[in-house]
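Colleague: Predicted coordinates and the sequence they were generated for:
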Amino acid sequence: MEAAAFTGKTVWVVDDDAYILKIFEHLFRKNRVAHRCFESAEALLAETWDPDVRIVLTDIHLPGRNGDELCMLLRQLHPSDLKIVALTTQVTPAGITAFLASGFDDVFLKPFTESDLLALFSGKPEKIVFPLLDALIEDESERAEIIQQFLEETQQDLAHLQKSVAEGKNETVLLVVHRLAGRLAQFSQEELSDAFRKMERSLLQQPDAAQHRSALEQLMKSLEDFLQKITGNF
């Protein structure tokens, strides 16, 4: 990790999961970053404010005051150059927009990697590589246009699939699963594509989608996580 990305930044993190805080502590110590970790919003607010703090990452679902309330209070109490980041596990593109509208400067998704943290602090998202697409499209504007279309089409298909599973529309479930498998393969997502292909074969053998509900829900969650990752980098 490039330590320069953290130069001059003191970081405070709030999360009620001690394991998550331990990961942050490890990465910050590794990169010699001044930091404090808190298990609640109340604990942070009770601490004497450090004027060197430039970034606060806060989990949204906390005991006591939640992350939204903490963000609002920090905005009232501290300077405008303070960057406040929502730390969360599940969020739709519309949810990201809502977080930004409510006062957060950014959204950081769990689970995360060291490179994800670097991208957050540097302000430069790590470019996601799609080998098949990148081999075909060299122009950045055309690449962006195709990725945007992929996002829109896949988000629509995901919503359609969720609705069809809930309503027991077996033929539609099979159709959308087949379509997503092919699109993900073309988008260099072999593992996720293979999972959809496997589901397609299962549906052909046992067409009742209700019999595959658990596996389908897990598959849709994996796709949703992938879309969130792209949205955060695009």
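Modeller: Arrived safely. Computed from a predicted structure; not experimentally measured. Numbers count the residues shown, from 1 in each chain.

Colleague: When you work out contacts or count neighbours from here on, use the C-alpha atoms and nothing else.
Modeller: Will do.

Colleague: if I pick the residue of the chain positioned farthest from its centre, what's in contact with it?
Modeller: The outermost residue of the chain, judged against the average C-alpha position, is Q205 (34.0 Å), by Cα atoms, centre = their mean. Contact analysis of Q205 by Cα atoms under 8 Å, 6 or more residues apart in numbering lists nothing.

Colleague: Ok, L44 next?
Modeller: Here L44 is in contact with V14, F38 (Cα under 8 Å, 6+ apart).

Colleague: G95 versus that one, what's the distance?
Modeller: 25 Å (Cα to Cα, to the nearest Å).

Colleague: low-confidence ranges in the protein?
Modeller: In the predicted model, the chain carries pLDDT under 70 at residues 1-8, 79, 90-94, 122-129, 232-234.

Colleague: switch the cut-off to 50
Modeller: Along the chain, segments meeting pLDDT under 50 span 1-3.

Colleague: Can you name the element that comes right after the helix ranked longest in the chain?
Modeller: As assigned by DSSP state H, the longest helix anywhere in the chain is helix 140-167. For helix 140-167, the following helix or strand on the C-terminal side (DSSP states H and E) is helix 170-186.

Colleague: Would you mind listing the outside residues contacting that following helix?
Modeller: 132-133, 154, 157, 160-161, 164-165, 190, 192-197, 199-200, 203-204, 207-209.

Colleague: Outline the domain layout of this structure.
Modeller: Per automatic domain parsing, the structural domains of the chain span 3-122, 131-233.

Colleague: any idea how far the shortest one is from the chain center?
Modeller: Meaning domain 131-233. 17 Å (Cα atoms, centre = their mean, to the nearest Å).
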